[in-house]
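Chemist: Kindly return the folded structure for what I paste below:
(2 chains)
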Amino acid sequence: MDVYAISQGQLWSFAIYAGAVFLLVGAMLAVGRLAGQRRHEKATDEPFESGIVSVGDARLRLSVSYFVVAILFVIFDLEVIFLYAWAVAFVDVGLAGFIGALVFIGVLLAALAYEWRVGAVDWGPRQRSLHEREDR
Amino acid sequence: MTTAELAALSPLVATALTALVAMLLAAFRRNHRLVFWVCQLGLLAALAAVHACAPGAGTSVVGAPAAPLLRIDNFFVFFATLFLLLAMAVAVMLAQYFRRRPECRDGAEEAYILLVVAALGALVLAAADHFASLFIGVELMGLASIVLVAWPSGAARDMDRLQGRSLEAGLRYLILSAAASALLLFGIAILYLQSGSLAFAAIPPRQGDYLILLGTGLFLAGMAFKLSVVPFHLWTADVYQGAPTPVTALIATLTKGALIAVLLRFLAAMPPVQTQAALPALVVLASLSMVVGNLLALRQENIKRLLAYSSIAHMGYLLVPVMAAGSGQLSAQAVAFYVAAYTITTLGAFSVVNGVSEGAGSDGYQVSRYRGLLWRAPWLGASFMLILLSLAGIPLTLGFVGKFYIFAAGADARLWLPVAMVVVGSVIGLYYYLRIILAMAQSPEGGEETPGGWRERWLSYGLTALLVVLGIYPAPLVDWLPVL
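Modeler: Take a look at the predicted model:
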């Protein structure tokens, strides 16, 4: 299989396309700069969207536990992708593949048990008694 | 999967099981002493498995025979033994660190678990003969050490200056590791485009193929980032300074050693035409590292930054036998010996730093703290002196024999420019190692008392004894060196 020869043939169309992209963007910027009017008023540098001046601050404060749960979700979601690959090849890989997948799921289960025990999936601040707080 | 494959895999399985068992223990029964011993015993079991299941002189492979994922051979046995012993020593250093800084002990169990995971990554790299296993190994090792670098910032409540620094170091390490991984992956993808296989040996021996050259270049750049070779070295000093000292020892020895091992296997497996094409880049990287690393170390007042720049220079020395990979068996032996010598010496250096500087606030790392150490704590001072002499490559230490091997391998492959650079670098290096020894020999007035008894120091003494004994009589180590 000679991939190199194939890519050689398609290279030209790709190069022309890339060149056209740069040309178009460059032309748009240049025309705007040459033909546009230049003024600097009080409201020029203010950010706006669809003609409406922005309201409030973008830096919202979110609860930290939200991030922990969100990240845990993403991690376990990603691991499921590997199981899809196993599901597609289920018949071909046979018993060995089944044992492999069992090991994989077992490790995930152990990780879930660990996260549950250390309190990573607890929502909100942990309630501690005054006695416990003095201990720390 | 056959029983032979399972037996060959047993060291990796034992290490992974150790991490898993320790994690479940940490979940249900938090006790950092218990987890420490479980991790040590698990690593010991993995060490036993390496030697019990090692194929005598032959090779067994895991994965498809034509393009194996892992290659369990002599080379693996040597490096796996080294990495497992290294991880055990770092665990001891971590225990000492937590004794010195009790405020970081919150969640100490996870530190040991992450250490075992990093060791698992290194074992994978020692056996990797395929880009897939290479990437898994690199990421296992890298991600575990990123968390460890930022350790002090997560454990205690109040922010002091050391904590902010370790957080910064962790973030920096994370971002640069990600950038390096991106380079690595892009290089691997381009090589895959040209070969249609992820095995190291499958790269086609075509001369003048620019895509292969580009892929190899990107791959080497990613590796150079992770190895902190000049000009990809800018993160090194800050990360070394911010990380807890045992973790600094870990990233200075385990990470570097494992990456060098896999780089050597990669260059040896590539067709000679491609290795020759990559040679000029490697020569430039190595020469720059040796000169720039040593020059930057000259004016450092912080002992960890100084050791960081010194490690950059040592990576430059190590690249000399690595680039001779295609030209004979001497290269693999020189690399194995130098990695072992560098590991023992650097571990010793950081174990002394761990004992003297850790827990003494943010200016504990200044060289001035070592003033008069030879008078205040003669044994500790003497071992630090021997360790520094070994780093400089003075005869009767392990470092000298290592340098000798590098000269032999470089001369064997006719790499005259890098060999000359090794000489230049060593001469510059002598200055700053001797500067610390001079500070240690000055009168102790004004210096602070060095705490700690045998319990804190036996590791430093043991490593020093090892490097002197093997420096005088290196035959046991030499007999054991692997061939590739």
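Chemist: Show me what the helix or strand that contains B:Phe76 is packed against.
Modeler: In this assignment (DSSP states H and E), B:Phe76 forms part of helix B:74-100. Under the contact definition 3 or more CB pairs under 8 Å, 6 or more residues apart in numbering or on different chains; DSSP states H and E, helix B:74-100 sits against helix B:3-28, helix B:32-52, helix B:108-127, helix B:245-250, helix B:256-269, helix B:329-356, helix B:454-472. (Each C-beta comes from the backbone N, C-alpha and C, glycine too.)
Chemist: Which one, of those helices, ends up nearest to chain A?
Modeler: Checking those against chain A by CB to the nearest CB gives helix B:3-28 as the closest, at 3.8 Å.
Chemist: Any buried residues in that closest one, and which?
Modeler: Of all the residues in helix B:3-28, those buried under the rule 16 or more other CB atoms under 10 Å in any protein chain shown are B:5, B:7-12, B:14-16, B:18-23, B:25-27.
Chemist: And A:Ala113, how close does it get to chain B?
Modeler: According to CB to the nearest CB, to the nearest Å, A:Ala113 stands 6 Å off from chain B.
Chemist: Apart from its neighbours in sequence, what residue is nearest that residue?
Modeler: With sequence-adjacent residues excluded and distances taken as CB to CB, 6 or more residues apart in numbering or on different chains, A:Ala113 is closest to B:Ala27, at 5.9 Å.
Chemist: tell me the contacts of that neighbour?
Modeler: A:Ala113, A:Tyr114, A:Trp116, A:Arg117, A:Val118 (CB atoms under 8 Å, 6 or more residues apart in numbering or on different chains).
Chemist: can you do 7 Å?
Modeler: Counting by CB atoms under 7 Å, 6 or more residues apart in numbering or on different chains, B:Ala27 makes contact with A:Ala113, A:Tyr114, A:Arg117, A:Val118.
Chemist: Just the residues you listed: which are in helices?
Modeler: A:Ala113, A:Tyr114, A:Arg117, A:Val118 (DSSP state H).
Chemist: biggest helix in the chain by residues?
Modeler: Unless you meant another one, I'm taking chain A. Ranked by residue count, the top helix of chain A under DSSP H comes out as helix A:3-35.
Chemist: ah, I was thinking of chain B
Modeler: Longest helix in chain B, counting residues (DSSP H): helix B:161-195.
Chemist: what does chain B have sitting close to chain A?
Modeler: B:Met1, B:Leu20, B:Met23, B:Leu24, B:Ala27, B:Phe28, B:Leu193, B:Gln194, B:Gly196 (CB under 7 Å from any CB of the partner chain).
Chemist: Same list, those, but as a markdown table with distance to B:Leu263 and pLDDT please.
Modeler: Formatted as a markdown table, the residues of chain B next to chain A follow (distance: CB to CB, whole Å; pLDDT from 0 to 100):
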| residue | distance to B:Leu263 | pLDDT |
| --- | --- | --- |
| B:Met1 | 29 | 62 |
| B:Leu20 | 30 | 95 |
| B:Met23 | 31 | 94 |
| B:Leu24 | 35 | 94 |
| B:Ala27 | 37 | 90 |
| B:Phe28 | 41 | 91 |
| B:Leu193 | 21 | 91 |
| B:Gln194 | 20 | 88 |
| B:Gly196 | 23 | 88 |
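Chemist: Whatever residue of chain A ends up closest to chain B: neighbour count?
Modeler: Using CB to the nearest CB, A:Arg117 is the residue of chain A that sits closest to chain B, at 3.8 Å. Look at A:Arg117: counted by other CB atoms under 10 Å in any protein chain shown, it has 16 neighbours.
Chemist: Excluding chain neighbours, give the residue nearest to it in space.
Modeler: The shortest distance from A:Arg117 to any non-neighbouring residue, by CB to CB, 6+ apart, is to B:Ala27 (3.8 Å).
Chemist: same deal with B:Ala80?
Modeler: In space, and not counting its chain neighbours, B:Ala80 is closest to B:Val50: 4.8 Å by CB to CB, 6+ apart.
Chemist: Show me the contact partners of the host helix or strand of B:Phe219.
Modeler: Following DSSP H and E, one finds B:Phe219 within helix B:210-227. Applying CB under 7 Å, 6+ apart, the contact partners of helix B:210-227 are B:138, B:176, B:179-181, B:183-184, B:186-188, B:190-191, B:193-194, B:203, B:206, B:232, B:255-256, B:259, B:263, B:274, B:277-278, B:281, B:285, B:315.
Chemist: again, only this time at 8 Å
Modeler: Contacts for helix B:210-227 (CB under 8 Å, 6+ apart): A:4, B:138, B:142, B:176-177, B:179-191, B:193-194, B:203-204, B:206, B:232, B:255-256, B:259-260, B:263, B:266, B:270, B:274, B:277-278, B:281-282, B:285, B:315.
Chemist: where does the stretch 351-484 of chain B dip in pLDDT?
Modeler: Low-confidence segments of the stretch 351-484 of chain B, defined by pLDDT under 70: B:359-362, B:446-451.
Chemist: the helices in it, which residues?
Modeler: All helices of the stretch 351-484 of chain B, identified by DSSP state H, counting those that start in this stretch, fall at B:373-376, B:378-392, B:398-412, B:416-441, B:454-472, B:475-480.
Chemist: May I see the domains of chain A written out as residue ranges?
Modeler: Listed domain ranges for chain A are A:3-53, A:64-135 (source: automatic domain parsing).
Chemist: and those domains, which is most packed in?
Modeler: Highest mean neighbour count of the domains of chain A: domain A:64-135, a mean of 12 (counted as mean count of other CB atoms under 10 Å in any protein chain shown).
Chemist: on contacts alone, who are the packing partners of the following helix or strand past the helix holding B:Phe219?
Modeler: Next along the chain after helix B:210-227, taking DSSP H and E as the criterion, comes helix B:236-242. Judged by 3+ CB pairs under 8 Å, 6+ apart, helix B:236-242 is in contact with helix B:161-195, helix B:303-323.
Chemist: Check which helices and strands the shortest one is in contact with.
Modeler: Taking 3+ CB pairs under 8 Å, 6+ apart as contact, the helices and strands that helix B:303-323 lies on are helix B:236-242, helix B:245-250, helix B:256-269, helix B:272-297, helix B:329-356, helix B:398-412, helix B:416-441.
Chemist: any chance of the ones you listed in a markdown table, with mean neighbour count and distance to B:Gly471 too?
Modeler: Shown next, in a markdown table, are those (neighbours: other CB atoms under 10 Å in any protein chain shown; distance: least, CB to CB, whole Å):
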| stretch | mean neighbour count | distance to B:Gly471 |
| --- | --- | --- |
| helix B:236-242 | 24 | 25 |
| helix B:245-250 | 29 | 20 |
| helix B:256-269 | 24 | 19 |
| helix B:272-297 | 20 | 22 |
| helix B:329-356 | 26 | 8 |
| helix B:398-412 | 22 | 4 |
| helix B:416-441 | 17 | 15 |
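Chemist: How much space separates B:Ala52 from B:Phe337?
Modeler: Counting by CB to CB, to the nearest Å, the separation of B:Ala52 from B:Phe337 is 25 Å.
Chemist: go on, B:Gly187?
Modeler: Distance of B:Gly187 to B:Phe337, computed by CB to CB: 29 Å.
Chemist: now B:Ala179
Modeler: B:Ala179 sits at a distance of 32 Å from B:Phe337 (criterion: CB to CB).
Chemist: same question, B:Gly170
Modeler: Per CB to CB, B:Gly170 is found 33 Å from B:Phe337.
Chemist: B:Leu434 now?
Modeler: B:Leu434 is 25 Å from B:Phe337, by CB to CB.
Chemist: Likewise for B:Val92?
Modeler: 24 Å.
Chemist: And for B:Val353?
Modeler: From B:Val353 across to B:Phe337, the span is 25 Å (CB to CB).
Chemist: Next, the angle from the helix holding B:Phe219 to helix B:256-269.
Modeler: Orientation check (axes from the mean of the first three to the mean of the last three CA atoms, to 10 degrees): helix B:210-227 against helix B:256-269 gives 160 degrees.
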